[in-house]
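*Asks:* kindly return the folded structure for what I paste below:
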Amino acid sequence: MSKYTLGLVSISFRGVPVEEILLSMKQAGLSCVEWGSDVHAPKDDADRLAQIAALQQKYAIACCSYGTYFRLGDTPLEELEGYIAAAKVLGTNVLRLWCGTKNSGEYSTQEKENLFAVCKRAAAMAAENEVILCMECHNGTFTDAPDAAQELMCAVDSNHFQMYWQPNQLKTVEENRRYAACVAPHTKHVHVFNWEGNNRYPLAQGVQQWQEYLSCFEGDRCLLLEFMPDDNIESLNNEADALRKVVDGL
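*Replies:* Sure thing, here's the model as predicted:
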């Protein structure tokens, strides 16, 4: 029995309607989705959120996370409550956030202390609302490097403040594997793609390296396909098949 649930990040298809995404996911054998707050599931559109929740039931696909573009240290903290409310309408207690506005090495000691203080307040809000805030693992944020992400997790020290993980297409497989191993205990979900620099490749060409990455993780997680190699929803079946091949070979 796989310890992974396989799904999709909706921003892979920003121009595709919600129901078409869900239908394509169903046909591809995927069972969970992360909705993006920018196009498909805006936090302030109550009618659309309710429609999405109903369509999820129709296609028997669960919302595993709400992908926001909330930036800790930049977006006003009081706006977080609206994102939390939207996530709950969609049926998830996991929200993806971005931490900071620049790479970790660019922060002064005082700036880092200020950012960590905001993160601690956000974690307290998450605890009060029984949700989990997960930091995007991304360049241009404080979690651009494994040591910085580990420092952040230790500083906040909350089960309601965790990580996502995804490989950095500008790093080597070994560097990415080190990052995965470093943050694995704090990682809720994983974004899956096969990129090298600016080039995208079918996941089928990266099965072995993804098996190396996933060997760093223990416990149940969602593996979420993010972006197709050609941006076409018609490629979802092949990418889902490749993801199953990754998992089946572990």
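*Asks:* so, low pLDDT: which residues of this protein?
*Replies:* Low-confidence segments of the chain (pLDDT under 70): 1-2.
*Asks:* buried sites along the longest strand seen in the chain?
*Replies:* If you go by DSSP state E, the chain has its longest strand at strand 62-72. In terms of neighbour count (16 or more other CB atoms under 10 Å), strand 62-72 has its buried residues at 62, 63, 64, 65, 66, 67, 68, 70, 72. Every C-beta, even on glycine, is put in place using the N, C-alpha and C of the backbone.
*Asks:* and that strand, what does it pack against?
*Replies:* Helices and strands touching strand 62-72, as assessed by 3 or more CB pairs under 8 Å, 6 or more residues apart in numbering; DSSP states H and E, comprise strand 4-9, strand 32-36, helix 46-59, helix 80-90, strand 94-99, helix 109-129, strand 187-192, strand 221-225.
*Asks:* relative to strand 62-72, how tilted is the fourth one?
*Replies:* When you say that, I think you mean helix 80-90. Per axes from the mean of the first three to the mean of the last three CA atoms, to 10 degrees, the angle that helix 80-90 makes with strand 62-72 is 170 degrees.
*Asks:* so which elements touch helix 80-90?
*Replies:* Packing contacts for helix 80-90, counted by 3+ CB pairs under 8 Å, 6+ apart, involve helix 46-59, strand 62-72, strand 94-99, helix 109-129.
*Asks:* quick one: furthest residue from the center of this protein?
*Replies:* Here the chain reaches farthest from its C-alpha mean at residue 110, the gap being 28.4 Å by CA atoms, centre = their mean.
*Asks:* quick one: contacts for residue 90?
*Replies:* Residues in contact with residue 90, defined by CB atoms under 8 Å, 6 or more residues apart in numbering, are 35, 41, 49, 52, 53, 56, 63, 66.
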